[in-house]
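>>> Attaching a predicted model along with its sequence, questions to come.
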Amino acid sequence: MTYVRLLWAFFRVSSMREIQYRTSFIMQALQSLIGLGTGLAGLGVVFAHTSNLGGWRPTQLLAILGVYFLVGGVINLVVRPSMQRFMEDVRLGTLDFVLTKPRDSQFLISVREVQIWKMVDVLMGTVVLALAVTGLSHSVGFVQATGFAAALLAGAIIVYSFFMILATLCFWVVRADNILVIFLAVYDAGRWPVTIYPGALRYTLTFLVPVAFAVTVPAEGITGRLSGGTLLEAGVLALVLLVGSRWFWTFGLSRYTGASA
């Protein structure tokens, strides 16, 4: 419960800071609406010429778009800003203020920065996903809902762990934040199911940059396309990356010399 209270405290403090700039909310809403409009327009163009794309029907691709906005919103809500602040602290030598706190340092650097306006993307993704579910040819039962929840959780862990590993590189690389920008650029490919991409690119989006497990696999769960083997792969990969990111963080932290260097 202590960590839940800490998470809420970080969210509340960030909210009070961000709410001073209410114009940011309007700009974020406009940006999100434009992004959604672009995504829907893309679907419209595709399905004006075909009834399915790689076996995916319109409502199923709408579900992918919803998951894309939902996961992307969470990334930009807390993961990306927290990691960017962490890397800035390493460059300035101010990470010491976090390390001296009587709580787990990895947890603290992972959640202490929140950009509340990104909740717009989270809410928008949820609405789009709900609309897609109502348009599916089959009802979403307990099995599909459970598969979706499990795949979404695994995908969130995979993305967080991947971000954590990339951010930890800042102990050795001065501008590691550029790597995060590259990841977010590649994440745009998640608007479409990775199964439509050619072999090499599909492998890259599945294992090297795990966009597939973040977007496509959860969408497969809610649309009834998810196999037990794929869900198992997602769970194993999530566990491996979570443990690996923890080890890499500990290893990197042992190389940190602080502000006194």
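That came through fine. Residues are numbered from 1 along each chain as shown.

>>> Return, as residue ranges, the portions of the stretch 51-200 of the chain with sub-threshold pLDDT.
Along the stretch 51-200 of the chain, the model assigns pLDDT under 70 to residues 137.

>>> Just the buried positions in stretch 126-140, please.
Residues of stretch 126-140 classed as buried: 128-129, 132-133, 136, 140 (neighbour count, 16 or more other CB atoms under 10 Å). All C-beta atoms are positioned from the backbone trio N, CA, C, and that covers glycine.

>>> Please apply the same query to stretch 209-227.
In stretch 209-227, counting by 16+ other CB under 10 Å, buried: 209-226.

>>> Can you get me the start-to-end distance on it?
Criterion CA to CA, to the nearest Å; first-to-last residue distance in stretch 209-227 is 21 Å.

>>> After the helix or strand containing Glu88, which helix or strand is next?
Per DSSP states H and E: Glu88 is located in helix 80-92. Next helix or strand after helix 80-92 toward the C-terminus (DSSP H and E): helix 96-99.

>>> Could you export that next one as CSV, CA atoms only?
C-alpha atoms of helix 96-99 as CSV (Å, rounded to 0.1, in the frame of the first residue of the first chain):
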residue,chain,number,x,y,z
ASP,A,96,21.4,11.2,-5.8
PHE,A,97,18.2,12.8,-4.4
VAL,A,98,16.3,9.8,-5.5
LEU,A,99,18.8,7.2,-4.4
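
>>> And the following helix or strand past that helix, what does it pack against?
Of the helices and strands lying after helix 96-99 in sequence (DSSP H and E), the nearest is helix 105-111. If you count contacts as 3 or more CB pairs under 8 Å, 6 or more residues apart in numbering; DSSP states H and E, helix 105-111 packs onto helix 2-18, helix 80-92, helix 96-99, helix 142-168, helix 228-253.
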